[in-house]
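In: A predicted structure for the sequence below; I have some questions about it.
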Amino acid sequence: MSAANPSEGFTFKKYYWWFQAGGWSLYVFLNGAIFYIGDGLTPPRVYWLLFAWLLCTGITELLRATIIRFHWLKLSALQVAPRMLLAILVMGIILATVAWSYEQLLSDASSVVFSFSSWIKNVINYGLAFGIWCAMYFLINTLENFRKAEIENLRWEALRNETELNRLKSQLNPHFMFNAMNVIRALVDENPARSKEAITQLSSLLRNTLQSGKYKVIPLHQEIEVVKDYLALESARMEERLRIVWDIAPGSESFEVPPLMMQTLVENCIKHGISKLAEGGDLRISAKHSEQGLTILLENSGHYNAKAVPESGYGLKNSKERLALLYNGKASLALSNSDHQTVITEVFVPKTQTS
């Protein structure tokens, strides 16, 4: 019998011998109580009870070895039932015969008359005990197999979610880099001196994104640093056409959010809202927290048309998928129009143990 993995907690295999020894000890104790109430618990009967404990344990161990050797646990109920009935009958016959032989050894052989009806009664009684053992053995193994299958399914689900999250994060990095490089390329023609400063900001931005990309979630203050570096590049390109207001409530910075999520949403506000307006527009970024979690609000100039097909990218879809995977549907992301000139992006992230 192989050792069980301690990390799996309680398992039938790990504690099998406790069940085995305890079960047959209880059986012997009950028989001893019956002897005591009846004709009395004489020394020969005590010896028989001890011998019966060893014999029952040994016989059921042979049956268990047979079950494992021939994979009976993998058989259907219709396939395993006749095998188990035959095994129970054989074990009952063995124990009943041994019991009669033991009685004959302790008594004068001439005074012991073989009673077929009494022998059949013992076969049935011992068979019932073995039947209960078999039923418990198969029931517990079946329940444990269901538990193991459920754990395995959860592991596969976690692995699938991890793979999906990595895929989504890998999509964001080149998408973000492409847009950042476009900003610098525009600055090279418009303001060469400013483009050098933008390259330095991009370097800082890349450092932050590479560090945050190693984690599923990061503190909000780290995400804000990434957003500020990105907005510095956009402000260099759009100049006075981009007006930014920050409103981060004290204590919100420690809440954890998916890396690059806020930056992706800010980029969406500028690309699909403010940059399309000739006069530019405003971007207000606010965050507040409660006992339930963190709420991030992005308010940008523009108009959101839910029926329109996005021109490019997958930022919103990507962010919604990541939130769904990380928080099991407890997080939310929604876009709406507060009026014809302002779009609101609202994100709710539930409070976690580390937040």
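Out: Looks like it came in fine.
In: all contacts plus neighbour counts: C-alpha atoms, from now on.
Out: Noted.
In: any idea how far the spatially most central residue of the chain lies from L187?
Out: Centroid check for the chain by CA atoms, centre = their mean gives L154 as the closest residue, at 4.4 Å. Going from L154 to L187 by CA to CA, to the nearest Å gives 50 Å.
In: with W24 instead?
Out: 85 Å.
In: so those two - more neighbours on which side?
Out: L187 (22 against 18; other CA atoms under 10 Å).
In: ok, the more buried one - contacts?
Out: R194, S195, A236, R237 (CA atoms under 8 Å, 6 or more residues apart in numbering).
In: and the buried ones among those residues, selectable in ChimeraX?
Out: This is how ChimeraX selects the buried members of the contacts of L187, with burial counted by 16 or more other CA atoms under 10 Å:
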select :195,236,237
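In: okay, the contacts of L187 in JSON lines with secondary structure, distance to E103 and pLDDT next?
Out: Listed next are those as JSON lines, based on DSSP: H, G, I helix; E, B strand; the rest coil; distance: CA to CA, whole Å; pLDDT from 0 to 100:
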{"residue": "R194", "secondary structure": "helix", "distance to E103": "106", "pLDDT": "76"}
{"residue": "S195", "secondary structure": "helix", "distance to E103": "104", "pLDDT": "78"}
{"residue": "A236", "secondary structure": "helix", "distance to E103": "103", "pLDDT": "76"}
{"residue": "R237", "secondary structure": "helix", "distance to E103": "103", "pLDDT": "75"}
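In: nearest to A334 among the contacts of L187?
Out: Closest approach to A334 among these (CA to CA): R237, at 28.2 Å.
In: hmm, A186 and the closest one touching each other?
Out: Yes - here R237 reaches A186: they are 7.1 Å apart, a contact under CA atoms under 8 Å.
In: next SSE after the host helix or strand of Y27?
Out: Under the criterion of DSSP states H and E, Y27 resides in helix 16-37. For helix 16-37, the following helix or strand on the C-terminal side (DSSP H and E) is helix 43-69.
In: give me the three-state assignment for K214.
Out: What DSSP: H, G, I helix; E, B strand; the rest coil gives for K214 is coil.
In: mind checking how far it is from V183?
Out: With CA to CA as the criterion, K214 and V183 are 26 Å apart.
In: between the two, which is the more surrounded one?
Out: V183 (20 against 12).
In: I'd assumed A232 was in contact with the more buried one.
Out: No - with contacts defined as CA under 8 Å, V183 does not count as touching A232, sitting 10.5 Å away.
In: and the pLDDT for R207?
Out: pLDDT, R207: 76.
In: buried set for whatever helix or strand it lives in?
Out: For R207, the enclosing helix or strand under DSSP H and E is helix 192-212. Neighbour-count burial for helix 192-212, counted by 16+ other CA under 10 Å, picks out S195, E197, A198, Q201, L202, L205, L206, N208, T209, S212.
In: what helices and strands are in contact with it?
Out: helix 116-190, helix 220-238 (3 or more CA pairs under 8 Å, 6 or more residues apart in numbering; DSSP states H and E).
In: please work out which of those is packed deepest.
Out: For the helices and strands packed on helix 192-212, average neighbour numbers computed from mean count of other CA atoms under 10 Å are highest in helix 220-238, which has a mean of 20.
In: restrict that one to CA atoms and write it as PDB.
Out: C-alpha atoms of helix 220-238 as PDB (Å, rounded to 0.1, in the frame of the first residue of the first chain):
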ATOM      1  CA  LEU A 220      -3.500  50.300  -7.100                       C
ATOM      2  CA  HIS A 221      -0.700  52.700  -6.400                       C
ATOM      3  CA  GLN A 222       1.600  50.700  -8.700                       C
ATOM      4  CA  GLU A 223      -1.000  50.700 -11.400                       C
ATOM      5  CA  ILE A 224      -1.400  54.400 -11.000                       C
ATOM      6  CA  GLU A 225       2.300  54.900 -11.600                       C
ATOM      7  CA  VAL A 226       1.900  53.000 -14.900                       C
ATOM      8  CA  VAL A 227      -1.100  55.100 -15.900                       C
ATOM      9  CA  LYS A 228       0.700  58.400 -15.000                       C
ATOM     10  CA  ASP A 229       3.700  57.400 -17.200                       C
ATOM     11  CA  TYR A 230       1.300  56.600 -20.100                       C
ATOM     12  CA  LEU A 231      -0.600  59.800 -19.600                       C
ATOM     13  CA  ALA A 232       2.700  61.800 -19.700                       C
ATOM     14  CA  LEU A 233       3.400  60.400 -23.100                       C
ATOM     15  CA  GLU A 234      -0.100  61.200 -24.300                       C
ATOM     16  CA  SER A 235       0.000  64.700 -22.900                       C
ATOM     17  CA  ALA A 236       3.300  65.300 -24.700                       C
ATOM     18  CA  ARG A 237       1.500  64.400 -28.000                       C
ATOM     19  CA  MET A 238      -1.900  66.100 -27.300                       C
END
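In: that'll do, ta.
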